[in-house]
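Student: Sharing a model that was predicted from the sequence below.
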Amino acid sequence: MAKRPLGLGKKSKQKRQKAEGSAEGNKETTPLDQIHVEVEGGGDPEDSVVQLKALWKSYLQSEREDERMLNGIVHECDRLLRNQEEEGLELGEEFHSIYALALSELAVFRTEDKGREGRESVGEFFDAAAERVDLGLQYFPASDMLALAKAKVIFQRIPLQYISQLTPNSTGSVDVDLQLLLEEGKASFRVVPHDPLAVSEPLDIFSDLLEIIANFGREEEIDEGLDSDAEDEPEEVELPEAHPLYRLREHLPEHAEWLQQQLLALFNVLEKPNAEEEESEATKFYRKIANKLGQSYLDAAAEPSIIFTTLTYEKEDPSADDEKKAQEAQRIAQGLTERAIEFFKEAESAEDPQTWVDTAEVLISLGNLQENESDKQEMLYKQAEEKMVKANKATNGKYKHILDTLLDTKA
């Protein structure tokens, strides 16, 4: 299957490592007039608010490793607030959103700072971001833009400020209820059709957050597993009820279901691309969301698949009740995996053989859920084999090991 994206902790570390390779001057606050960006759409290049929006758009479209640019954005936001009346400026919802999100992004750069001072710096940036977005919502209570900004700040804050301080033995070391805070972020989130990127980014962070919660305490074992041929996943680390993550862990299934519902709502407002738009950004975005949806259904199918496999093939002398449970688990797992295949097919690209392999592997998973040696199982394996052969030819044998395993299984 396609690899999941880096978790927030790894992303922030990667960002800091790259940032540390640049000049120390990048950490300094840089006035907006020293950073040059193009103003699009006929906006007045002399208008400070127009310049701010153009600079923020430029940052979003970049690799997001320029702390100097972020400092320039925050510096300009401060200046505009101070001079609002004097210059007769109208600072709308987008201004407050930019200000809050820039502060939240700066917190990411502070996550690798060591010791108590570093932790306090992260907290101060997130405090300022939360305060700014709440002030904006006081002025513009119906703003979807600010509501999404609030959700994103909360989803970033939980892992980077709070979870980063915890160990599996931590108890009562966080001064907020993380489950309630996450619910506050979910309540603020909404899907708006006119800005899919602003919708997808909080969902990306939310997805990473769920992965962090699920794998908390076993990160090193998972990293080691990625570098080895071991098939067994590390066991989940049990948390005491007093642990700040205990309730979040207990509510993981409903959080995952919420994520899936939001991804589906976002997917439903996207236009299906045509063949002429193969390499357009809109097409790539459509496929990205389709892939995430496919993965979410596949993740949901994991538990019933294990129950079916265990009761059917591994338990000796299963009872009538076991057989009934196995059949129900099989039915659920099949339905979820079939839904996953629908979205992985939507994510396929004629130019990317890995997307064909992704679909093939889910076809194999669905085949494994059929009656052994049944016609449907053979049909699904055949469909998977065709995609694997095609991908292997297109990549000069890159997927030979997967194809050989499939052929050995069928033999």
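Tutor: Done, it's in.

Student: When you work out contacts or count neighbours from here on, use the C-alpha atoms and nothing else.
Tutor: Will do.

Student: didn't residue 377 look like it was pressed against residue 383?
Tutor: No - taking Cα atoms under 8 Å as the definition, residue 377 is not a contact partner of residue 383, at 10.0 Å.

Student: Compare the two and say which one has the larger neighbour count.
Tutor: More crowded of residue 377 and residue 383, by other Cα atoms under 10 Å: residue 377, with 19 against 15.

Student: measure the residue lying closest to that one once chain neighbours are set aside to residue 383 for me?
Tutor: Spatial nearest neighbour of residue 377, chain neighbours left out: residue 367 (4.6 Å); criterion: Cα to Cα, 6 or more residues apart in numbering. Going from residue 367 to residue 383 by Cα to Cα, to the nearest Å gives 10 Å.

Student: Report the contact partners of the residue sitting nearest the centre point of the chain.
Tutor: Central residue of the chain (Cα atoms, centre = their mean): residue 204, 2.2 Å from the mean position. Residues near residue 204 by Cα atoms under 8 Å, 6 or more residues apart in numbering: none.

Student: quick one: pLDDT of it?
Tutor: On the pLDDT scale, residue 204 is placed at 96.

Student: my read: residue 360 touches residue 384, true?
Tutor: Yes - assessed by Cα under 8 Å, residue 360 is found in contact with residue 384 at 4.2 Å.

Student: before we move on, which element is residue 267 in?
Tutor: Following DSSP states H and E, one finds residue 267 within helix 252-269.

Student: For that helix, what is the distance to the chain centroid?
Tutor: 12 Å (Cα atoms, centre = their mean, to the nearest Å).

Student: Could you do stretch 50-57 as well?
Tutor: Relative to the chain's own centre, stretch 50-57 is displaced by 25 Å; criterion: Cα atoms, centre = their mean.

Student: tell me which residues in it are buried?
Tutor: 51, 52, 53, 54, 55, 56 (16 or more other Cα atoms under 10 Å).

Student: do the same with stretch 380-392
Tutor: Neighbour counts using 16+ other Cα under 10 Å place 380, 381, 382, 384, 385, 387, 388, 389, 391, 392 of stretch 380-392 among the buried residues.

Student: from what I can see the first one touches residue 364, true?
Tutor: This means residue 380. Yes - using Cα under 8 Å, residue 380 makes contact with residue 364 at a distance of 6.6 Å.

Student: just checking, what packs against the helix holding residue 267?
Tutor: If you count contacts as 3 or more Cα pairs under 8 Å, 6 or more residues apart in numbering; DSSP states H and E, helix 252-269 packs onto helix 196-214, helix 281-309.

Student: Minimum distance to residue 176: which of those helices has it?
Tutor: Evaluated with Cα to Cα, the helices and strands packed on helix 252-269 place helix 196-214 nearest to residue 176, the distance being 16.3 Å.

Student: contacting residues around the residue nearest to residue 167 when sequence neighbours are not counted?
Tutor: Nearest residue to residue 167, sequence neighbours excluded (Cα to Cα, 6+ apart): residue 217, at 6.9 Å. The contact partners of residue 217, taken as Cα under 8 Å, 6+ apart, are 167, 168, 237.

Student: any idea which helix or strand carries the residue of the chain positioned farthest from its centre?
Tutor: Distance to the chain centre peaks in the chain at residue 317, reaching 42.7 Å (criterion: Cα atoms, centre = their mean). In the assignment (DSSP H and E), residue 317 maps to no helix and no strand.

Student: Please save the CA atoms from stretch 151-167 in CSV.
Tutor: This file holds the C-alpha atoms of stretch 151-167, laid out as CSV (Å, rounded to 0.1, in the frame of the first residue of the first chain):
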residue,chain,number,x,y,z
ALA,A,151,-9.8,23.9,13.7
LYS,A,152,-6.3,23.8,12.1
VAL,A,153,-4.7,25.6,15.0
ILE,A,154,-6.2,23.2,17.5
PHE,A,155,-5.3,20.1,15.5
GLN,A,156,-1.7,21.4,15.2
ARG,A,157,-1.5,22.4,18.9
ILE,A,158,-2.5,19.1,20.4
PRO,A,159,0.5,17.1,19.2
LEU,A,160,3.1,19.8,19.0
GLN,A,161,2.5,21.5,22.4
TYR,A,162,0.9,18.8,24.5
ILE,A,163,1.6,15.2,23.2
SER,A,164,5.3,16.1,22.6
GLN,A,165,5.7,16.5,26.4
LEU,A,166,4.3,13.1,27.3
THR,A,167,5.6,9.7,27.9
